[in-house]
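Student: coordinates only, sequence not included:
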């Protein structure tokens, strides 16, 4: 009997211990750690006016260019310039043998003098015949012949004067001068070469390098986009610096002088679907040379209410569409699809998807998902805290 009671006591003790362990486990589950709430940093969007620019490729060309050609034929006697030097308008460049043209001038002068010598005699004869005709001492035909002879001599004199002037012009053309001021290139002929009037081969080429033109092209799609944005009031194209243009050289450096947008062509190139723009740049140091490849940074206008977000705040879905995470009023994550206009420095210009006052997550844990609560920290405060921690670590290391 005692053994049976002892066995029952052991059984009751085992049940008691098991029940206690169960209650203990349940208690431990109820007092476990709180759910994980990730920490993110955010910025609050504000709209600000932002100037937008576009970078257009182009090439330089001289403002003035003149190909020097002879206007009379002959043998080149002298070359009167240094290749690659600056020349002034009217400066002699080549001298053609003037002997034949000097003789032609003397012949024209002699013919004019002969006609002028006959003029006085013919004038007196015509006057006498006029008086005799009034007295009916001669026939009308005799007077008409004298009058016609006078008019012929007068015409010969006019022709002679024109011939003298033409001969003088041809003689002057034997000295080939610079039509414009600028820098002259290499000579295509040497002394002793035979040249002809208006020949296809230029003797030399002069280019005016200061100022310099830069011709760039802009697609019609870009022009239509800008016109649409201006029509919707998103873009203001009346800024004071609207026509000022920066220039990037072929090595990536910025040109020291700013240019001025001179005009935009009104005709679309059918082969490229683009419109030409011409920009004029000062070139006092001769840095720009004709034919250089450059990139012009043209200001499109001012976005009066632009929204900019850091590029690191933008994610992409599997199709490459831009997305951004924001913190809603409940402190939870919300996913927003975006439409981006362009990159401005290290930021994106947002066309749609966000509005002023949105809290955009800049730095986040990779595990966050939409509707997940997060601990929001302003981005600037997080940067200051990180900077202080870095400075503290450096000071400890120095110690």
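Tutor: In hand now; what should we look at? Given the structure is predicted, the values throughout are model-derived calculations rather than measurements. Numbers count the residues shown, from 1 in each chain.
Student: count of neighbours near residue 165?
Tutor: Around residue 165 there are 12 other residues, counting by other Cβ atoms under 10 Å. No exception for glycine: its C-beta is placed from N, CA and C like everyone else's.
Student: a helix runs through it, doesn't it?
Tutor: Yes - assessed by DSSP: H, G, I helix; E, B strand; the rest coil, residue 165 belongs to a helix.
Student: so what's residue 192 scoring on pLDDT?
Tutor: At residue 192, the pLDDT value in this model is 91.
Student: just residue 289 next, same as before
Tutor: Residue-level confidence at residue 289 comes out at 88, pLDDT.
Student: any idea which helix or strand carries it?
Tutor: Taking DSSP states H and E as the criterion, no element holds residue 289; it sits outside all helices and strands.
Student: leaving aside the residues next to it on the chain, what's closest to it?
Tutor: Computed as Cβ to Cβ, 6 or more residues apart in numbering, the closest residue to residue 289 that is not its neighbour in sequence is residue 60, at 6.7 Å.
Student: Give the other helices and strands that the helix or strand harbouring that neighbour contacts.
Tutor: Secondary structure here is read from DSSP H and E; on that basis residue 60 sits in strand 48-68. Using 3 or more Cβ pairs under 8 Å, 6 or more residues apart in numbering; DSSP states H and E as the contact criterion, the elements in contact with strand 48-68 are strand 182-184, strand 204-219, strand 274-281, strand 293-310, strand 339-344.
Student: Direction included, what does the following helix or strand past it pair up with?
Tutor: Read in the C-terminal direction, the helix or strand following strand 48-68 is strand 74-79, with elements assigned using DSSP H and E. Strand 74-79 has its sheet partners listed here by DSSP bridges as strand 92-96 (antiparallel), strand 194-195 (antiparallel).
Student: Kindly provide the distance from the nearest residue to residue 278 once chain neighbours are set aside to residue 363.
Tutor: Ranked by Cβ to Cβ, 6+ apart and with sequence neighbours excluded, the top spatial neighbour of residue 278 is residue 262, at 4.8 Å. Distance, residue 262 to residue 363, by Cβ to Cβ, to the nearest Å: 47 Å.
Student: With residue 326 instead?
Tutor: Taking Cβ to Cβ as the criterion, residue 326 is separated from residue 363 by 14 Å.
Student: Neighbour count for the two, which is higher?
Tutor: Counting neighbours by other Cβ under 10 Å for residue 326 and for residue 363 shows that residue 326 has the greater number, 19 against 15.
Student: beta partners for the more buried one?
Tutor: Taking DSSP bridges, one finds residue 334, residue 360 as the beta-bridge partners of residue 326.
Student: these two touch, right, residue 132 and residue 138?
Tutor: Yes - with contacts counted by Cβ atoms under 8 Å, residue 132 reaches residue 138, the gap being 4.5 Å.
Student: So for the longest helix along the chain, what gets flagged as buried?
Tutor: With DSSP state H setting the assignment, residue counts place helix 99-134 as the longest helix in the chain. Applying a neighbour-count criterion of 16 or more other Cβ atoms under 10 Å, the buried positions in helix 99-134 are 100-101, 104-105, 108-109, 111-112, 115, 122, 126, 129, 133.
Student: Check which helices and strands it sits against.
Tutor: For helix 99-134, the elements it packs on are helix 140-173, judged by 3+ Cβ pairs under 8 Å, 6+ apart.
Student: The helix it packs on: which residues count as buried?
Tutor: Within helix 140-173, the residues that count as buried by 16+ other Cβ under 10 Å are 143, 146-147, 149-150, 153, 156-157, 160, 163-164, 167, 170-171, 173.
Student: If the residue lying closest to residue 274 once chain neighbours are set aside is in a bridge, with which residues?
Tutor: If the residues on either side of it in the chain are set aside, residue 274 comes closest to residue 217, at 4.0 Å by Cβ to Cβ, 6+ apart. With DSSP bridges applied, the residues forming beta bridges to residue 217 are residue 276.
Student: what's the distance between residue 217 and residue 376?
Tutor: Computed with Cβ to Cβ, the distance linking residue 217 and residue 376 is 47 Å.
Student: what's the answer for residue 326, then?
Tutor: Distance from residue 326 to residue 376, by Cβ to Cβ: 10 Å.
Student: quick one: residue 251 from residue 296, how far?
Tutor: Relative to residue 296, residue 251 is positioned 16 Å away (Cβ to Cβ).
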